[in-house]
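Engineer: Sharing a model prediction with you, sequence too.
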Amino acid sequence: MDDLDHCPLCHGTHHRPFTTCRDHTVSGRSFDLVECTACGFRFTNPRPSSDEIGRYYDSEGYTPHQDTSQNVIDTLYRWVRLYTLRSKRRLVASLVDSPPGRLLDFGCGTGEFLAHCRSQGWAACGLEPDEKAQEVAAATHGLTVEPPEHIHDLPSDHFDVITLWHVLEHVPKLSDTIAELRRTLAPTGTLVVAVPNCASLDAQYYGADWAAYDVPRHLYHFRPPDVRRLFNRHGMAVTDVRPMRLDAFYVSLLSEQSRDGWLLRAPVVAALSVLWNAAYGRHSSAQLYLIRGESPR
């Protein structure tokens, strides 16, 4: 296990305990979340080393890297993913003057979004660290997916859109990765980042049982101000924030399942979370951020 001696966001050297969460997906182990005393950013600490982290994804219970449904919640996840493919593609098309354009899907998983974009004429490529997910992408969609380190070989100022669909919270080298993403993004391009929001109503309701903490795979636990500060440090600005309403229902179901709760309560909690977002804004279970460079490089 690696114990971070500084905050990944502000590099502050002091933090306090926030909560302890259990890994309900793979190991059954408990992991601590801490909060930076300087900026309030929350992160998993200590966290698995680079040699250890892979085994926490190596399970049939980790749905995003699988291509089969093991239970009702897995099936629901795949239905939602299929439903959102077109809306995601419409979103990225709206960010380009003359779509289709050049797209990088960073953390592309088993390649569903990448394959869909290619079928619509996008010059799209994907990077993914999990070897099993790479194999599924190749077998199912005929995709050649490289590991994330391949980003260093990609051209500068190239991509019109770079997407990270629930990926940023997994990235071990946070600052280095963002620097490389900005380097490969065209000066007029857009970074699309979707992450869970630990300030949401459902996060507050479920506490340590909130499924989107997903320790130890989720290394960071973002709130909207955290995302803004993080990208400002790299000369980029959040230009729009949009709620991802369906995530509240999926995460609430997983949260009830992990605490052996009443599954029918999940849609009630999710609906309240969505309504709270509608009333007060920017408090959705997951948020979608559109990010652009603040000035030419």
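Structural biologist: That came through, no problem. Residues are numbered from 1 along each chain as shown.

Engineer: When you work out contacts or count neighbours from here on, use the C-alpha atoms and nothing else.
Structural biologist: Will do.

Engineer: for the spatially closest residue to Ile151 that is not a sequence neighbour, helix, strand, or coil?
Structural biologist: Spatial nearest neighbour of Ile151, excluding adjacent residues (Cα to Cα, 6 or more residues apart in numbering): Glu180 at 7.0 Å. Put simply, Glu180 is helix when judged by DSSP: H, G, I helix; E, B strand; the rest coil.

Engineer: number of nearby residues for Glu180?
Structural biologist: For Glu180, the count of nearby residues is 14 (other Cα atoms under 10 Å).

Engineer: Help me confirm that it comes into contact with Asp153.
Structural biologist: No: using Cα atoms under 8 Å, Glu180 is not in contact with Asp153; the gap is 10.1 Å.

Engineer: The longest strand along the chain: what's the following helix or strand?
Structural biologist: Across the chain, the strand with the greatest residue count (assigned by DSSP state E) is strand 185-196. For strand 185-196, the following helix or strand on the C-terminal side (DSSP states H and E) is helix 201-206.

Engineer: helices or strands next to that next one in the packing?
Structural biologist: Helix 201-206 sits against helix 245-258, helix 266-280, with contacts defined as 3 or more Cα pairs under 8 Å, 6 or more residues apart in numbering; DSSP states H and E.

Engineer: coming back round to it: list the pairing partners of the longest strand of the chain within its sheet, with orientation.
Structural biologist: Paired neighbours of strand 185-196 in the sheet (DSSP bridges): strand 159-165 (parallel), strand 286-293 (antiparallel).

Engineer: To Gly207, which of the ones you listed lies closest?
Structural biologist: strand 286-293 (15.5 Å; Cα to Cα).

Engineer: picking up where we left off before, how close does the residue nearest to Ile151 get to Thr19?
Structural biologist: 32 Å (Cα to Cα, to the nearest Å).

Engineer: Gly142 and His116, how far apart?
Structural biologist: For Gly142, the distance to His116 - Cα to Cα - is 12 Å.

Engineer: same question but for Thr140, I mixed them up
Structural biologist: Distance from Thr140 to His116, by Cα to Cα: 12 Å.

Engineer: go on, Asp5?
Structural biologist: Distance from Asp5 to His116, by Cα to Cα: 41 Å.

Engineer: Neighbour count: these two, which is higher?
Structural biologist: When Asp5 and His116 are compared for neighbours, His116 comes out ahead with 17 against 13, by other Cα under 10 Å.

Engineer: What strand or helix carries the more buried one?
Structural biologist: Using DSSP H and E, His116 falls in helix 112-119.

Engineer: quick check: angle from whatever helix or strand comes next after that helix to strand 159-165?
Structural biologist: For helix 112-119, the following helix or strand on the C-terminal side (DSSP H and E) is strand 123-127. Interaxial angle, strand 123-127 versus strand 159-165 (axes from the mean of the first three to the mean of the last three Cα atoms, to 10 degrees): 40 degrees.

Engineer: Check what contacts strand 123-127 and list those residues.
Structural biologist: Residues from elsewhere that reach strand 123-127 (Cα atoms under 8 Å, 6 or more residues apart in numbering): 100-108, 111, 114, 117-118, 145-148, 150-151.

Engineer: From those residues, which land in helices?
Structural biologist: Counting by DSSP state H, the contacts of strand 123-127 place 114, 117-118 in helices.

Engineer: Can I get the buried part of these as one PyMOL selection?
Structural biologist: To isolate the buried subset of these in PyMOL, counting by 16 or more other Cα atoms under 10 Å, use the following:
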select buried, resi 114+117
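
Engineer: Quick one: closest of the strands paired with strand 185-196 to Leu275.
Structural biologist: Here strand 286-293 is closest among these (Cα to Cα), at 13.8 Å.

Engineer: if we can go back for a sec, I'd like to check what contacts the longest strand of the chain. Which residues are they?
Structural biologist: 95-96, 156-169, 212, 221-222, 285-293, 296-297.

Engineer: buried ones in stretch 247-263?
Structural biologist: 247-258.

Engineer: on that earlier part again, rebuild the strands paired with strand 185-196 as a markdown table, extending it with mean neighbour count, distance to Gly207 and mean pLDDT.
Structural biologist: Output for those, formatted as a markdown table (neighbours: other Cα atoms under 10 Å; distance: least, Cα to Cα, whole Å; pLDDT from 0 to 100):
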| stretch | mean neighbour count | distance to Gly207 | mean pLDDT |
| --- | --- | --- | --- |
| strand 159-165 | 23 | 23 | 98 |
| strand 286-293 | 23 | 16 | 95 |
